[in-house]
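*Asks:* Dropping the sequence and predicted coords here.
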Amino acid sequence: MTSHLYAISVDAAEPLRLARFWSGVLGREIVDDPREGVALLPDGDPGFRVRFLRNPTPKTTQNRVHFDLTSGSPRDQRETVARALALGGRHIDIGQGPDDGQVVLADPEGNEFCVIEADNTFLAGCGPIGAVNCDGTRAVGYFWRAALGWPLVWDQDEETAIQSPGGGAKVTWSGPPLMPSDGRDRLHLDVVPSGGDRDAEVDRLVALGATRVGTGRHTADDVVLADPDGTEFCVLTPR
């Protein structure tokens, strides 16, 4: 048994407003489901939803998870940046250098993301969301390799990355030192058991190095775990 990456979930004071921003940037369709909340549908197979979950708590620190968006050409990068700014995004400084090819932006609720330069070969062919970029150690990359059953596509200098055998967005970990955390991360991974037995999958993930945190991050049924670095994720009921 393995887990399936079902969604990347984003805490939002105004879920529908934030979903409209990201729908405009990514060109994904919005759905509003009583069970799932406001979400953007996957843009292909393999793919994952982007869910927006109501949480009025203000953002206070830099997120430990963000999206890296791809560009097919310099013009494409400029157009993505312009579209994001027109929809309510803004430029931010997180310490990037003046010669960096990526453009660092924040969405209307301050969540950081990067629009990557067109000549980035690492993300070539990954789709509009090239990577879910995570703060984490090499051990966590190995944990998620086993959790999702995805092969490693990068393992060098404490940085790791995995990708579905079917392609799509990579999930990457930037290695130490880890960023400070103020507790609950505003972006987190949601997984579902591929075999349908959630209790057995939770036990397997714990055996791989996860720890039990509790339940009820979005609904009472969510099982909240933390990876070996202490970053929370949710195991949902089978879909």
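*Replies:* Okay, I see it.
*Asks:* By residue count, what's the longest strand in this protein?
*Replies:* Taking DSSP state E as the criterion, the chain has its longest strand at strand 3-12.
*Asks:* after that strand, next one along is what?
*Replies:* Beyond strand 3-12 on the C-terminal side, the first helix or strand identified by DSSP states H and E is helix 15-26.
*Asks:* which secondary structure elements does that following helix contact?
*Replies:* With contacts taken as 3 or more C-beta pairs under 8 Å, 6 or more residues apart in numbering; DSSP states H and E, helix 15-26 sits against strand 3-12, strand 30-33, strand 37-40, strand 49-54, helix 74-86. All C-beta spots, glycine's among them, are computed from the backbone N, C-alpha and C.
*Asks:* Mind listing what's buried along the second one?
*Replies:* I take that to be strand 30-33. Ile30 (16 or more other C-beta atoms under 10 Å).
*Asks:* Same check on the longest one?
*Replies:* Taking 16+ other C-beta under 10 Å as the neighbour-count basis, helix 74-86 is seen to contain the buried residues Gln77, Thr80, Val81, Arg83, Ala84.
*Asks:* Put together JSON lines for these, with distance to Phe143 and pLDDT on each row.
*Replies:* Below are the buried residues of helix 74-86 laid out as JSON lines (distance: C-beta to C-beta, whole Å; pLDDT from 0 to 100):
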{"residue": "Gln77", "distance to Phe143": "33", "pLDDT": "97"}
{"residue": "Thr80", "distance to Phe143": "32", "pLDDT": "98"}
{"residue": "Val81", "distance to Phe143": "34", "pLDDT": "98"}
{"residue": "Arg83", "distance to Phe143": "35", "pLDDT": "98"}
{"residue": "Ala84", "distance to Phe143": "32", "pLDDT": "98"}
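*Asks:* I'd like the residues you listed written out as TSV, with distance to Val103 added.
*Replies:* Below are these laid out as TSV (distance: C-beta to C-beta, whole Å):
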residue	distance to Val103
Gln77	7
Thr80	8
Val81	5
Arg83	12
Ala84	9
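*Asks:* and which of the residues you listed is nearest to Val202?
*Replies:* Taking C-beta to C-beta as the measure, Ala84 is the one of the buried residues of helix 74-86 closest to Val202, at 37.1 Å.
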